[in-house]
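*Asks:* 3D model of this:
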Amino acid sequence: MSDTMSRVTLARRPKGAPVPEDFKLETGTLPTPATDEVLIEVTHLSLDPYMRGRMDDVKSYAPSVDLGGTMTGQGVGLVLESKAEGFAKGDTVTGMTGWASHACLPGSELRKLDPSLPPSTALGVLGMPGLTGWVGLHNFGKPKAGETLVVGAATGPVGSMVGQLAKELGLRTIAIAGGAEKCRLATETFGFDAAIDHRAHDDAASLRAAIAEAAPGGVDIYWENVAGQVLEAVMPLMNVHGRIPVCGMIAWYGGSNIAETNQLPGMWRSILVKRLHVSGFIIFDHWDEFPAFLADVAPKVAKGEIAYLEDVAEGLENAPNAFIAMLKGGNTGKQIVKL
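*Replies:* The predicted model follows:
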């Protein structure tokens, strides 16, 4: 076993969209586990949009990454050495390893994985993204059979979970995705009733017309992943007492396109007159629901009843470019880095 490890650190804070120079690949000494800790060799790393917010030095629901600090993130790996009860060499575990080849974490912050399922599923369909879709739809979307759901970023790990669960409950499901191929996947792989390519529309009015055609009875639930033009297009189509779970706003994460697309007065009026329920939620507030989520969804994944897609980048050194591409919609499914 080598006595060195690699990690990707935050070299500088981005101005707008991240660029490769904002990251740095560093080599250091392999850590030694203390009492109640576990040394992990990371095999798979998750890349998620929320990480963009952690790169800024602003107050938020979670701490920012320090300059020179390891980029935050969930990983899956093999136990190399354990000083924590309940974990043994060779176990496959998941935890917040960061963008690193190895990590030492307390056993209390790790979870053993079911060896019958691919380990990468713990980062996507059976991990934080899957839980986000499950909790958000049930707790905040409050779906009812016969209603219409619109999902932004519909082929991603969160959007695809939301769409499949809603379809199972008897809703009409409409996907918003970027490109003809993603739209095909939305209907053929994830079972959406309709899919609309937002890149085929130059403005919100054109996109709105396409959504209205697919949802002639209006929209009861809009799952907000993206904001920007999609939000502007959907808001006038919301039905009275509609629900909007706010999961993300990837179009605005870099700080661009806000001033020129800010339609807040009109949107605020829609919230009032249509008595909309707009619910921001952070999945870290709902970890207590993880066992119930796994009990419901894991058997469906094992049986192939819940579909999922993964985009895999090879090598820790390629994590920054994969992350940058993901924020621009370059991924199709859940973005994973295989070390």
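*Asks:* quick one: low-confidence ranges for the chain?
*Replies:* Low-confidence regions of the chain, defined here as pLDDT under 70, cover residues 1, 250-265.
*Asks:* if you set the cut-off to 80 instead, what comes out?
*Replies:* Across the chain, the ranges flagged by pLDDT under 80 are 1-2, 60-62, 227, 249-267.
*Asks:* Mind splitting it into its structural domains?
*Replies:* Residue ranges of the domains in the chain are recorded as 4-124+308-338, 128-283, according to automatic domain parsing.
*Asks:* could those be laid out in CSV, adding distance to residue 291 and mean neighbour count?
*Replies:* Quick note: C-beta positions are derived from backbone N, CA and C, even for glycine. Compiled in CSV, these are given as follows (distance: least, CB to CB, whole Å; neighbours: other CB atoms under 10 Å):
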stretch, distance to residue 291, mean neighbour count
domain 4-124+308-338, 11, 18
domain 128-283, 10, 20
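*Asks:* What is the distance between whichever strand or helix holds residue 268 and the centre of its chain?
*Replies:* Applying DSSP states H and E as the criterion places residue 268 in helix 264-273. The offset between the C-alpha centroid of helix 264-273 and the centroid of the whole chain comes to 27 Å, using CA atoms, centre = their mean, to the nearest Å.
*Asks:* Tell me where the stretch 1-150 of the chain has helices.
*Replies:* Listed from the start of the chain, the stretch 1-150 of the chain has helices (DSSP state H, counting those that start in this stretch) covering 50-54, 128-135.
*Asks:* Let me have the ones you listed in JSON lines, extended by distance to residue 242.
*Replies:* Putting those into JSON lines (distance: least, CB to CB, whole Å) gives the following:
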{"stretch": "helix 50-54", "distance to residue 242": "25"}
{"stretch": "helix 128-135", "distance to residue 242": "18"}
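*Asks:* Out of those, the one nearest residue 89 is which?
*Replies:* With respect to residue 89, and counting by CB to CB, the nearest of these is helix 128-135 at 26.4 Å.
*Asks:* Which residues does that closest one contact?
*Replies:* Identification of contacts with helix 128-135 by CB atoms under 8 Å, 6 or more residues apart in numbering yields 46, 48, 74, 123-124, 156-162, 165, 247, 281, 283, 286, 289-290, 293, 296-297, 334.
*Asks:* ok, now how distant is residue 129 from residue 207?
*Replies:* 25 Å (CB to CB, to the nearest Å).
*Asks:* Tell me which residue is most central in this protein.
*Replies:* Centroid-nearest residue in the chain: residue 129, 4.6 Å away (criterion: CA atoms, centre = their mean).
*Asks:* if we can go back for a sec, export the domains of the chain to a markdown table and tack on distance to residue 301?
*Replies:* Conversion of the domains of the chain to a markdown table gives the following (distance: least, CB to CB, whole Å):
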| stretch | distance to residue 301 |
| --- | --- |
| domain 4-124+308-338 | 7 |
| domain 128-283 | 8 |
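*Asks:* List the ones among the contacts of helix 128-135 that fall in helices.
*Replies:* Among the contacts of helix 128-135, the members found in helices (DSSP state H) are 157, 158, 159, 160, 161, 162, 165, 290, 293, 296, 297.
*Asks:* Closest one of those residues to residue 83?
*Replies:* Proximity of the ones in helices among the contacts of helix 128-135 to residue 83, judged by CB to CB, is greatest for residue 290, which lies at 25.3 Å.
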